[in-house]
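# Below are the sequence and a predicted model; questions follow.
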Amino acid sequence: MKNKTEKNQRFSQYNFLKKNRKGISGVVAAVIMIALVMAVGVIVWVVIRNLIVNKLENVGSCVEVFDKVTINSRYTCYDTSEDEFHFSIKVGDIEVEKILVAISSEGSTNSYELSDVDNDDLDSYPDSGDDVLVPGKNSGRTYILSISTQPDYIEIAPIVNGQQCEISDSLFEIDSCWDLA
């Protein structure tokens, strides 16, 4: 009987040790899995955070432009006697590098850039001899474009810190200059 009891004790000790080993392996596996999940989570967070920060920096320049670069509809009109389109742009309390102007007429749209470099396609109003430049901070300018038909609409989009912003203003009803007089 002693042999059988010894065998049972050895067998039970063996089973106990074997169960402990399996338990330890399960705990170690769980810890490793948790560590891997956390590492992957950190890597994903860093990548997504960098993408978001870069996008927010680009958008940040344009957020402050909202409602600060506008078309002055009072001085925007089409002069039928001279075949000229007069449009006026106001810039509020913001520094703008350039302004892109899109003018649509007869189904085609032409774009013009107002910047610190004179634009040959446009003239300044009232004296066409002045340089055609982008309006400065808290100012406005009126421009003249020779065009044979009355435009359908005008849209403007400012460029701030090298970033082109969304369309800040548009005008879809262009009056005759004679109606405004």
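That came through, no problem.
# And the strands in the protein, which stretches?
69-71, 77-79, 84-91, 98-105, 108-114, 123-124, 139-146, 153-160, 163-164, 169-171, 175-176 (DSSP state E).
# what sits opposite residue 70 in the beta ladder?
residue 90 (DSSP bridges).
# Which residues are in contact with it?
Residue 70 sits next to 89-90, 92, 156, 168-169 when contact means CB atoms under 8 Å, 6 or more residues apart in numbering. Heads up, the C-betas are built off the backbone N, CA and C, glycines and all.
# Check what pLDDT it gets.
You'll see residue 70 listed with a pLDDT of 90.
# who's the nearest residue to residue 115 once chain neighbours are set aside bridged to?
Closest residue in space to residue 115, ignoring its immediate chain neighbours: residue 98 at 4.3 Å, by CB to CB, 6 or more residues apart in numbering. Under the criterion DSSP bridges, residue 98 forms beta bridges with residue 159.
# If you drop the residues flanking it in sequence, what lies closest to residue 111?
Nearest non-adjacent residue to residue 111 (CB to CB, 6+ apart): residue 102, at 5.1 Å.
# lowest-pLDDT helix or strand in the chain?
helix 177-180 (a mean of 69; mean pLDDT, DSSP states H and E).
# Tell me how far residue 167 lies from residue 72.
Separation of residue 167 from residue 72 (CB to CB, to the nearest Å): 16 Å.
# Out of the contacts of residue 70, the closest to residue 34 would be?
residue 168 (50.0 Å; CB to CB).
# I'd like to know which of the strands of the chain is closest to residue 51.
strand 163-164 (16.4 Å).
# Show me what the closest one is packed against.
Under the contact definition 3 or more CB pairs under 8 Å, 6 or more residues apart in numbering; DSSP states H and E, strand 163-164 sits against helix 2-63.
# Report the mean confidence score over the helix it packs on.
Mean predicted confidence for helix 2-63 is 73.
# List the beta-bridge partners for the residue nearest to residue 111.
Beta-bridge partners, per DSSP bridges, of residue 102: residue 111, residue 155.
# Just among the contacts of residue 70, which is most surrounded?
The member of those surrounded by the most neighbours (other CB atoms under 10 Å) is residue 89, with 26 neighbours in all.
# Isn't it up against residue 99?
Yes: contact criterion CB atoms under 8 Å: residue 89 and residue 99 qualify, at 6.3 Å.
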